[in-house]
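**Student:** After the sequence you'll find the predicted model.
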Amino acid sequence: MTQDEQKRLAAEAALEALRPALGAGVVLGIGTGSTTNCFIDALAPLKDQFDGAVASSVASATRLEGHGIRVLSLQESGPLTLYIDGADEADPNLALIKGGGAALTQEKIVASAAETFYCLVDESKCVDTLGAFPLPIEYIELAEAPLRRALSALGAEATRRPGVITDNGHPILDVRGLDLSDPAAQEQALNQWPGVVCNGLFALRRADQLFVASPRGVTVKTAPR
């Protein structure tokens, strides 16, 4: 089974899980990336069973609108029933690294507005400790040199992602070698650095349920309480 087929399996499983929650007044938050695209495509036939969606990127908004799904802003939507997105890595406590698609800031904003967060991954994304995937940091360009020096002092290496500017108009550093053994503490610490717009750790607002696809099917993991 290919990775793309596993992504479709995870998307279909998440859709079945949320189906009972659909109805009038329901607005979904939608993430960004190839797995989320599979979910959007699967969701399209149900577009008349909920009020609309808040997208975390221009790309996702365009795909939703292409299926005739109403796209709302957070100002229009109010609290979201559910947020659905993929991840680049997920640990056993359902903390995540996200931002491979450069939409981390909007994804974190939309996820924080949702009552429940479903994360969809294939089994290759599940790790014991986050950090094999480089941690994305969206930042204000003026701060690049100080950020690189600060990260280097922690034993990490930061590389500017070539040719990438976010929907917010900012560049991204991809960081390797940073200690992520306590992802919530590291997320909070990085947020305090001058010039950091957002980092790709989703530990303070982690997933509530993780849908893990493999050739054997889909396993659903629930965040520890």
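**Tutor:** Nice, I can see it. Note that the structure is predicted; figures quoted are calculated from it, not measured.
**Student:** Show me where this protein has its helices.
**Tutor:** 3-18, 34-43, 58-66, 74-77, 104-112, 144-153, 183-191 (DSSP state H).
**Student:** Out of those, which is the most enclosed?
**Tutor:** Ranked by mean neighbour count, the helices of the chain are led by helix 104-112 with a mean of 23 (mean count of other Cβ atoms under 10 Å). Placement of C-beta: from N, CA and C, glycine included.
**Student:** tell me which helix or strand of the protein sits lowest on mean pLDDT?
**Tutor:** Sorting the helices and strands of the chain by mean pLDDT, DSSP states H and E puts helix 3-18 at the bottom, at a mean of 91.
**Student:** That one - contacts with which helices or strands?
**Tutor:** Contacts defined by 3 or more Cβ pairs under 8 Å, 6 or more residues apart in numbering; DSSP states H and E place helix 3-18 against helix 34-43, strand 80-86, strand 114-122, strand 209-214, strand 217-222.
**Student:** Quote the end-to-end distance of stretch 14-34.
**Tutor:** 15 Å (Cα to Cα, to the nearest Å).
**Student:** Could you give me the buried positions within that stretch?
**Tutor:** Judged by neighbour count using 16 or more other Cβ atoms under 10 Å, the buried positions of stretch 14-34 are 14-15, 17-18, 22, 26-33.
**Student:** Distance check, the residue at the greatest distance from the centre of the chain against P134.
**Tutor:** Going by Cα atoms, centre = their mean, the residue of the chain most distant from its centre is A153, 28.0 Å out. Counting by Cβ to Cβ, to the nearest Å, the separation of A153 from P134 is 18 Å.
**Student:** follow-up on the earlier one: most neighbours per residue, which of the helices and strands packed on helix 3-18?
**Tutor:** strand 80-86 comes out most buried of the helices and strands packed on helix 3-18 by mean count of other Cβ under 10 Å, with a mean of 25.
**Student:** tilt between that strand and helix 3-18?
**Tutor:** 170 degrees (axes from the mean of the first three to the mean of the last three Cα atoms, to 10 degrees).
**Student:** name the helices or strands packed onto strand 80-86?
**Tutor:** helix 3-18, strand 27-30, helix 34-43, helix 104-112, strand 114-122.
**Student:** domain assignment for the chain?
**Tutor:** According to automatic domain parsing, the chain comprises the domains 3-126+204-222, 135-200.
**Student:** Now the terminal residues of the first one, how far apart.
**Tutor:** Between the opening and closing residues of domain 3-126+204-222 there is a gap of 22 Å (Cα to Cα).
**Student:** what distance separates it from the middle of the whole chain?
**Tutor:** How far domain 3-126+204-222 lies from its chain's middle: 8 Å, per Cα atoms, centre = their mean, to the nearest Å.
**Student:** The last one now?
**Tutor:** The chain centroid and the centroid of domain 135-200 are separated by 16 Å, computed with Cα atoms, centre = their mean.
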